[in-house]
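Student: dropping a prediction and its sequence here:
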Amino acid sequence: MLKKKDNRVLGRRLARDLSTDELEAITGGFFTNPHGDVTTTFCTLASDGDDD
Amino acid sequence: MKIIIFAYPKENHTGAVKWALEQGGFQVACWGGLSWKDEQQAALLFDPEAELILGQFRVEPGDVIWIRRPDQPTPNPGVSDADRKFAEMEYRSFYHSVAYTLETLPVWCINKFSAARLIHNKAVQLRLARACGLRIPRTLLANSPGRIRAFLHENAGRTIGKGFTPHVWQRDDETGVSVTETYELTPELLPEDEVLTYAPAIYQEMVVKEFDVRMVLMGHRLYSFALHNAKKALDWRQDAGLGNIQVELIPTPPDVEQAILAFARKAGICFGSADFAVDKNGQWWFLEINEQGQFLWLDQFNAQARTLEKFCAFITAPEGSTEPLEKREGLFPPFEDYMKMYHSLPENQEPMDVAAAVAASPYMSRETGRAG
């Protein structure tokens, strides 16, 4: 059987995996979380206003 | 004078700032951005002077507009399929008309829309930072495999890679998520050329750092915080989210202060959160700035930061004021008081629905094809 081609972007290959517990810790206490857009994404689903 | 925040009232920074401003006796209105819904409609009349209505309120001379994080312009979902693209473009054009017109009205925008759009670009940030005398790492923005390989080959030191925008993938097995972050890159880690064309990225000489700095710009004032991470992680953000860093208020070196204030003037911004890396020689290296970056988390890590009170003092002072924010920060309650109120509300006890977030957000995806 042929191996499936890995067509993931580099950023996903080298992304950081967060477990469910870690995810809950971050999203459960989002004021502690300094992520820029990711925090906003997690918590409010708002964009950063850059629509181009 | 009232403060108009372009964001939903429940957006994380908006909720805290709105509450603190109201506790201080100021009038605050939120507008979530342009949409077909009643509270997000807008009207811009020229008769012959300009009159702008956002939702239920009128923009008036002397108002302060904090363009925090408005929603994308959203047309009515009932529009004909054949008209959807047209409607989307019309909504976008109208929102731009509103946002740019604000710059011509006697109001103070934090930040001006045109400046925000310019400085959102990481390449522009590096150009301006360098022009203003800040140290920047050698950097390549590219999707050209040959250029990327050459960049790594020519780099005397170590190299990092990072994206232009953050992204989160919900994993197939639902055991968590994968989050983009800064990663170290070696020639051995580089994938085949085709993969490097899947998405452009930012490649940068690594600053071997003693610690990171998050700096908050508020008008003429700068507040710098050293971020100490016991793991010495390349990207401190996930660890901060997990509570694994210490935040210490530190002085900004005079040359860095002069340079970042010059940067702000050139960029046309009065507010933002900047990231620096400080090396073993104590030299500060500019990494990037987010003109609407997060800052209230600093108060939770270090109650002495008092960025909530300072920000409230900043946006209620006259535009361009050089008065120390510390003189008026006492008008507003601290972040810890907001957190007590926030946690007492039943709706804030609900866990986040990650699947719903993935479905609705442009910054989140469902992961497929992990094998390989």
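Tutor: Ah, there it is.

Student: isn't B:Gln23 right up against B:Pro333?
Tutor: Yes. Counting by Cβ atoms under 8 Å, B:Gln23 touches B:Pro333, with 5.0 Å between them. Heads up, the C-betas are built off the backbone N, CA and C, glycines and all.

Student: tell me where the chain is predicted with low confidence.
Tutor: Picking chain A for this. For chain A, the stretches with pLDDT under 70 are A:1-3, A:25-52.

Student: you looked at the wrong chain, it should be chain B
Tutor: For chain B (pLDDT under 70), the answer is B:173-174, B:348-364, B:368-372.

Student: go again using 80 as the cut-off
Tutor: B:166, B:171-176, B:230-244, B:346-372 (pLDDT under 80).

Student: quick one: the longest helix along it near chain A?
Tutor: When chain B is parsed with DSSP state H, its longest helix is helix B:84-102. Yes. Applying Cβ under 8 Å from any Cβ of the partner chain, one finds helix B:84-102 touching chain A at B:92, B:95.

Student: show me what the following helix or strand past that helix is in contact with.
Tutor: Next helix or strand after helix B:84-102 toward the C-terminus (DSSP states H and E): strand B:108-110. Outside strand B:108-110, the residues that touch it by Cβ atoms under 8 Å, 6 or more residues apart in numbering or on different chains are B:63-67, B:102-103, B:270-271, B:315, B:319.

Student: let me know the closest of these to A:Lys5.
Tutor: Of all the contacts of strand B:108-110, A:Lys5 sits closest to B:Ile67, with 42.7 Å by Cβ to Cβ.

Student: ok, back up a step: what comes up buried for the longest helix of chain B?
Tutor: Buried residues in helix B:84-102, counting neighbours by 16 or more other Cβ atoms under 10 Å in any protein chain shown, are found at B:87-88, B:91-92, B:95-96, B:98-99, B:102.

Student: which SS state does the residue of chain A found nearest chain B fall under?
Tutor: Chain A approaches chain B most closely through A:Asp6 (2.9 Å), counting by Cβ to the nearest Cβ. Three-state call for A:Asp6 (DSSP: H, G, I helix; E, B strand; the rest coil): coil.

Student: distance check, it against B:Ile148.
Tutor: 18 Å (Cβ to Cβ, to the nearest Å).

Student: who has more neighbours out of the two?
Tutor: B:Ile148 (23 against 13; other Cβ atoms under 10 Å in any protein chain shown).

Student: who in the stretch 101-250 of chain B is up against chain A?
Tutor: Proximity of the stretch 101-250 of chain B to chain A (Cβ under 8 Å from any Cβ) is limited to residues B:116-117, B:120, B:161-163, B:165-169, B:171, B:174-181, B:183, B:185, B:189, B:191, B:195-196, B:198-199, B:201, B:214, B:235, B:237-238, B:240-243.

Student: can you give me the helices in chain B?
Tutor: For chain B, the helices defined by DSSP H occupy B:12-23, B:84-102, B:113-119, B:122-131, B:145-154, B:193-196, B:237-241, B:254-267, B:297-301, B:307-315, B:335-344, B:354-360.

Student: and the ones you listed: which comes nearest B:Leu44?
Tutor: Of the helices of chain B, nearest to B:Leu44 by Cβ to Cβ is helix B:84-102, at 6.1 Å.

Student: dump the C-alpha coordinates for the closest one into PDB.
Tutor: Below are the C-alpha coordinates for helix B:84-102, written out as PDB (Å, rounded to 0.1, in the frame of the first residue of the first chain):
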ATOM      1  CA  ARG B  84     -23.600  36.900  -1.800                       C
ATOM      2  CA  LYS B  85     -20.100  37.900  -3.100                       C
ATOM      3  CA  PHE B  86     -21.500  41.200  -4.100                       C
ATOM      4  CA  ALA B  87     -23.000  41.800  -0.700                       C
ATOM      5  CA  GLU B  88     -19.800  40.800   1.000                       C
ATOM      6  CA  MET B  89     -17.800  43.300  -1.000                       C
ATOM      7  CA  GLU B  90     -20.300  46.000  -0.400                       C
ATOM      8  CA  TYR B  91     -20.200  45.300   3.400                       C
ATOM      9  CA  ARG B  92     -16.400  45.400   3.300                       C
ATOM     10  CA  SER B  93     -16.300  48.600   1.400                       C
ATOM     11  CA  PHE B  94     -18.800  50.300   3.700                       C
ATOM     12  CA  TYR B  95     -16.900  49.200   6.800                       C
ATOM     13  CA  HIS B  96     -13.700  50.700   5.300                       C
ATOM     14  CA  SER B  97     -15.700  53.900   4.600                       C
ATOM     15  CA  VAL B  98     -16.700  54.000   8.300                       C
ATOM     16  CA  ALA B  99     -13.300  53.200   9.700                       C
ATOM     17  CA  TYR B 100     -11.300  55.600   7.400                       C
ATOM     18  CA  THR B 101     -13.900  58.400   7.900                       C
ATOM     19  CA  LEU B 102     -13.400  58.200  11.600                       C
END
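
Student: show me what it is packed up against.
Tutor: Counting contacts by 3 or more Cβ pairs under 8 Å, 6 or more residues apart in numbering or on different chains; DSSP states H and E, the secondary-structure elements packed against helix B:84-102 are strand B:42-46, strand B:50-54, helix B:113-119.

Student: packed most tightly, which of these would that be?
Tutor: Most buried of the helices and strands packed on helix B:84-102 by mean neighbour count (mean count of other Cβ atoms under 10 Å in any protein chain shown) is helix B:113-119; its value is a mean of 19.

Student: what helices or strands is that helix leaning on?
Tutor: With 3+ Cβ pairs under 8 Å, 6+ apart as the test, helix B:113-119 has helix B:84-102, helix B:122-131, helix B:254-267 packed against it.

Student: switch the cut-off to 10 Å
Tutor: Under the contact definition 3 or more Cβ pairs under 10 Å, 6 or more residues apart in numbering or on different chains; DSSP states H and E, helix B:113-119 sits against helix B:84-102, strand B:108-110, helix B:122-131, helix B:254-267, strand B:271-279.

Student: so which of the ones you listed is nearest B:Gln27?
Tutor: Per Cβ to Cβ, nearest to B:Gln27 of those: strand B:108-110, 15.0 Å.

Student: quick one: strands adjacent to that closest one?
Tutor: Note on strand B:108-110: by DSSP bridges, its sheet partners are strand B:64-66 (parallel).

Student: list the contacts of the partner strand.
Tutor: B:1-7, B:13-14, B:17-18, B:21, B:26, B:28-31, B:54, B:59, B:99, B:102-103, B:105, B:107-113, B:271, B:292, B:311, B:314-319 (Cβ atoms under 10 Å, 6 or more residues apart in numbering or on different chains).
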